[in-house]
Every structure is written in C-alpha cells, then in structure tokens.
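Engineer: sequence and predicted structure are below.
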Amino acid sequence: MKRSMMLPALAGCLLAVPAFAAPVTLDVTNGSAREMTELHAAPAGSDATEELLGGAFLPAGNTASFSLGDDADGCAYDLTFVFATGDAVEETDRDLCADGAITVTD
C-alpha cells in the first residue's frame, strides 16, 4: 500500500522541477570593409541599450561573441552596429534564440 502512494508523490515532484533558461548569445561577424566601433543591444522595444564593444572595436572580417542574458528575459533584440565612418546599420526585433549569428555587411 505504501508503495502505491509513493509513485504519484514522486511523479508530482518531478513535474515541479523548473526548466532552466538557455543563454542568449550573439555572434557578430563584421563582413564590411570598415571597423565596427560600437554595437548596441536592447530588448526589442526597450530603451535599455547596452554598448557591447566597451570602447574596443571589431575589425573588418573578424567575429565576436556576446552573452545577453537568458531566454527567460526574451529572445527579441534591437541591434545597432556603428562603424568608424559614423554609418550605422540597425536590425530590429531580431530573434536571437532562433538565429544569433549575424554578418553585417556594407
């Protein structure tokens, strides 16, 4: 009798285990002929922008990876890539969980 009561209790405990959030990563390849001097990321529609390069730059032809938290906070991001010439490329509402690899070109 005790054995039959333990099985449902054990099953209930297993169902109560929370799912772990997966990290959101961004892999940026500078496919342009210019240095990338700034890379801004914000959750889609938010003004909470983070500058990811931190004063460094991403040379032409190079790739850099960034961690932007986890998917519990959402996967959609607004991104702005700024080059040494002052030109900028924007990508809005990018689902980084579905595809976090971006090549920015001229």
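Structural biologist: On my side now, so go ahead. Numbering: from 1, shown residues only.

Engineer: strands of this structure, start to end?
Structural biologist: 23-30, 36-43, 50-51, 63-70, 76-83, 88-95, 101-104 (DSSP state E).

Engineer: so what's the gap between the third one and the chain middle?
Structural biologist: Going back to what we said before, that points to strand 50-51. On the basis of CA atoms, centre = their mean, to the nearest Å, strand 50-51 is displaced by 12 Å from the centre of the chain it belongs to.

Engineer: let's have the chain start at 532 instead
Structural biologist: Okay, using 532 as the starting number, the last item reads as strand 581-582.

Engineer: identify the residues contacting Ala573.
Structural biologist: By CB atoms under 8 Å, 6 or more residues apart in numbering, the contact list for Ala573 reads 579-581, 608-609. No exception for glycine: its C-beta is placed from N, CA and C like everyone else's.

Engineer: quick one: it from Ala564, how far?
Structural biologist: Distance, Ala573 to Ala564, by CB to CB, to the nearest Å: 27 Å.

Engineer: right, I'll leave it there.
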